[in-house]
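Asker: Mind looking at a prediction? Sequence and model below.
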Amino acid sequence: MKQTFTKSERLCSKKTIGQLFQKGSATTRTFYLFPFRLLYTADPERTDPLPAILISVSRRNFKKAVDRNLIRRRIREAYRLNKSLLFGTPDKPKQPPAYIVFLYTAREKISFEEIEKSMKLALARVTVTQS
(Lines give C-alpha, C1' and ligand atoms only; values in the text may rest on other atoms or scores of the structure.)
Protein backbone atom coordinates (compact mmCIF):
# COMPACT_ATOMS: atom_id res chain seq x y z
CA MET A 1 0.00 0.00 0.00
CA LYS A 2 1.21 3.46 -0.85
CA GLN A 3 2.31 5.30 2.30
CA THR A 4 1.12 8.79 1.42
CA PHE A 5 -1.61 11.05 2.68
CA THR A 6 -3.53 12.35 -0.33
CA LYS A 7 -5.99 15.21 -0.60
CA SER A 8 -8.88 12.79 -1.19
CA GLU A 9 -8.22 11.37 2.29
CA ARG A 10 -9.00 14.72 3.96
CA LEU A 11 -12.52 15.21 5.21
CA CYS A 12 -13.51 18.82 4.51
CA SER A 13 -17.21 18.73 3.55
CA LYS A 14 -19.21 20.71 6.13
CA LYS A 15 -22.30 18.66 5.35
CA THR A 16 -20.55 15.34 6.00
CA ILE A 17 -18.86 16.64 9.15
CA GLY A 18 -22.23 17.85 10.44
CA GLN A 19 -23.79 14.44 9.80
CA LEU A 20 -20.97 12.71 11.68
CA PHE A 21 -21.47 14.91 14.76
CA GLN A 22 -25.26 14.83 14.65
CA LYS A 23 -26.78 13.43 17.84
CA GLY A 24 -28.68 10.20 17.44
CA SER A 25 -27.26 9.35 14.04
CA ALA A 26 -27.89 5.64 13.44
CA THR A 27 -24.93 5.16 11.09
CA THR A 28 -22.20 6.89 13.12
CA ARG A 29 -20.25 4.73 15.54
CA THR A 30 -18.00 6.08 18.26
CA PHE A 31 -15.54 4.88 20.87
CA TYR A 32 -12.87 6.28 23.15
CA LEU A 33 -9.27 5.08 23.26
CA PHE A 34 -6.83 7.41 25.03
CA PRO A 35 -5.90 9.99 23.70
CA PHE A 36 -8.55 9.79 20.97
CA ARG A 37 -12.27 9.79 20.65
CA LEU A 38 -13.10 8.25 17.27
CA LEU A 39 -16.22 8.71 15.20
CA TYR A 40 -16.62 6.72 12.01
CA THR A 41 -19.28 5.80 9.50
CA ALA A 42 -19.82 4.08 6.18
CA ASP A 43 -21.08 5.79 3.04
CA PRO A 44 -22.20 3.60 0.12
CA GLU A 45 -21.86 6.49 -2.36
CA ARG A 46 -18.17 7.06 -1.60
CA THR A 47 -16.02 5.31 -4.21
CA ASP A 48 -12.55 6.01 -2.80
CA PRO A 49 -11.17 2.87 -1.09
CA LEU A 50 -9.37 4.90 1.60
CA PRO A 51 -11.42 6.68 4.25
CA ALA A 52 -11.50 10.46 4.51
CA ILE A 53 -10.25 11.58 7.90
CA LEU A 54 -10.58 14.66 10.09
CA ILE A 55 -8.18 15.46 12.93
CA SER A 56 -9.32 17.84 15.62
CA VAL A 57 -7.25 19.27 18.48
CA SER A 58 -9.09 21.51 20.94
CA ARG A 59 -8.11 25.14 21.22
CA ARG A 60 -9.41 25.06 24.77
CA ASN A 61 -6.66 22.62 25.79
CA PHE A 62 -3.85 24.02 23.60
CA LYS A 63 -3.86 27.80 23.31
CA LYS A 64 -0.89 28.04 20.96
CA ALA A 65 -1.39 27.09 17.32
CA VAL A 66 2.11 25.61 17.14
CA ASP A 67 1.13 23.06 19.81
CA ARG A 68 -2.10 22.13 18.00
CA ASN A 69 -0.23 21.80 14.70
CA LEU A 70 2.46 19.62 16.27
CA ILE A 71 -0.15 17.22 17.63
CA ARG A 72 -2.00 17.17 14.29
CA ARG A 73 1.22 16.36 12.45
CA ARG A 74 1.98 13.51 14.85
CA ILE A 75 -1.52 12.06 14.47
CA ARG A 76 -1.43 12.42 10.68
CA GLU A 77 1.94 10.66 10.48
CA ALA A 78 0.82 7.84 12.79
CA TYR A 79 -2.27 7.36 10.60
CA ARG A 80 -0.24 7.46 7.39
CA LEU A 81 2.14 4.77 8.62
CA ASN A 82 -0.59 2.46 9.93
CA LYS A 83 -3.58 2.93 7.63
CA SER A 84 -3.00 -0.51 6.14
CA LEU A 85 -4.48 -1.93 9.38
CA LEU A 86 -7.90 -0.73 8.18
CA PHE A 87 -7.95 -3.43 5.52
CA GLY A 88 -7.08 -6.33 7.82
CA THR A 89 -5.03 -9.28 6.63
CA PRO A 90 -5.45 -11.24 3.37
CA ASP A 91 -7.04 -14.16 5.23
CA LYS A 92 -9.29 -11.85 7.31
CA PRO A 93 -10.11 -8.78 5.17
CA LYS A 94 -12.00 -5.86 6.71
CA GLN A 95 -14.16 -3.20 5.11
CA PRO A 96 -12.80 0.25 6.10
CA PRO A 97 -15.25 3.02 6.98
CA ALA A 98 -15.80 5.92 4.58
CA TYR A 99 -15.13 8.65 7.14
CA ILE A 100 -13.11 8.74 10.36
CA VAL A 101 -12.82 11.61 12.86
CA PHE A 102 -9.97 11.68 15.38
CA LEU A 103 -10.70 13.98 18.33
CA TYR A 104 -7.59 14.48 20.46
CA THR A 105 -8.82 14.56 24.06
CA ALA A 106 -5.62 14.58 26.12
CA ARG A 107 -4.76 17.81 27.91
CA GLU A 108 -1.00 17.55 27.36
CA LYS A 109 1.30 16.87 24.45
CA ILE A 110 1.98 13.17 24.04
CA SER A 111 5.03 11.66 22.33
CA PHE A 112 4.76 10.27 18.83
CA GLU A 113 5.43 6.73 20.08
CA GLU A 114 2.41 6.83 22.41
CA ILE A 115 0.20 8.35 19.71
CA GLU A 116 1.29 5.67 17.23
CA LYS A 117 0.60 2.90 19.73
CA SER A 118 -2.92 4.22 20.33
CA MET A 119 -3.42 4.73 16.59
CA LYS A 120 -2.61 1.08 15.89
CA LEU A 121 -5.11 -0.07 18.49
CA ALA A 122 -7.78 2.31 17.23
CA LEU A 123 -7.38 1.37 13.56
CA ALA A 124 -7.48 -2.33 14.43
CA ARG A 125 -10.74 -1.74 16.30
CA VAL A 126 -12.49 0.30 13.58
CA THR A 127 -14.74 -1.93 11.51
CA VAL A 128 -17.85 -1.34 9.48
CA THR A 129 -20.68 -3.82 9.76
CA GLN A 130 -22.12 -4.91 6.45
CA SER A 131 -25.88 -4.42 6.27
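Answerer: Everything's here; your move. Residues are numbered from 1 along each chain as shown.
Asker: make it CA atoms for all contacts and neighbour counts henceforth
Answerer: OK.
Asker: Report the residue spans of the protein with pLDDT below the cut-off.
Answerer: The model of the chain has pLDDT under 70 over residues 1-3, 23-25, 128-131.
Asker: what packs against the helix ranked longest in the chain?
Answerer: Assignment by DSSP state H gives helix 65-82 as the longest helix of the chain. Here helix 65-82 touches strand 52-57, helix 112-125, going by 3 or more C-alpha pairs under 8 Å, 6 or more residues apart in numbering; DSSP states H and E.
Asker: Now do the contacts for His32.
Answerer: To be clear, residue 32 is Tyr; His isn't right here. By C-alpha atoms under 8 Å, 6 or more residues apart in numbering, the contact list for Tyr32 reads Leu38.
Asker: sorry, back to before: so which of the helices and strands packed on helix 65-82 is nearest Tyr104?
Answerer: Of all the helices and strands packed on helix 65-82, it is strand 52-57 that lies closest to Tyr104, at 5.2 Å by C-alpha to C-alpha.
Asker: which secondary structure elements does that closest one contact?
Answerer: helix 65-82, strand 99-104.
Asker: and among these, the most buried is which?
Answerer: Most buried of those by mean neighbour count (mean count of other C-alpha atoms under 10 Å) is strand 99-104; its value is a mean of 22.
Asker: Now distance to Ile17 too, for the helices and strands packed on strand 52-57, in JSON lines please.
Answerer: Listed next are the helices and strands packed on strand 52-57 as JSON lines, based on distance: least, C-alpha to C-alpha, whole Å:
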{"stretch": "helix 65-82", "distance to Ile17": "18"}
{"stretch": "strand 99-104", "distance to Ile17": "9"}
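Asker: coming back round to it: most tightly packed of the helices and strands packed on helix 65-82?
Answerer: Most buried among those, given mean count of other C-alpha under 10 Å as the contact rule, is strand 52-57, at a mean of 20.
Asker: Now tell me what touches it from outside.
Answerer: With C-alpha under 8 Å, 6+ apart as the criterion, strand 52-57 contacts 8-12, 68, 71-72, 75-76, 98-105.
Asker: what angle separates that strand from helix 65-82?
Answerer: Relative orientation of strand 52-57 and helix 65-82, computed by axes from the mean of the first three to the mean of the last three C-alpha atoms, to 10 degrees: 150 degrees.
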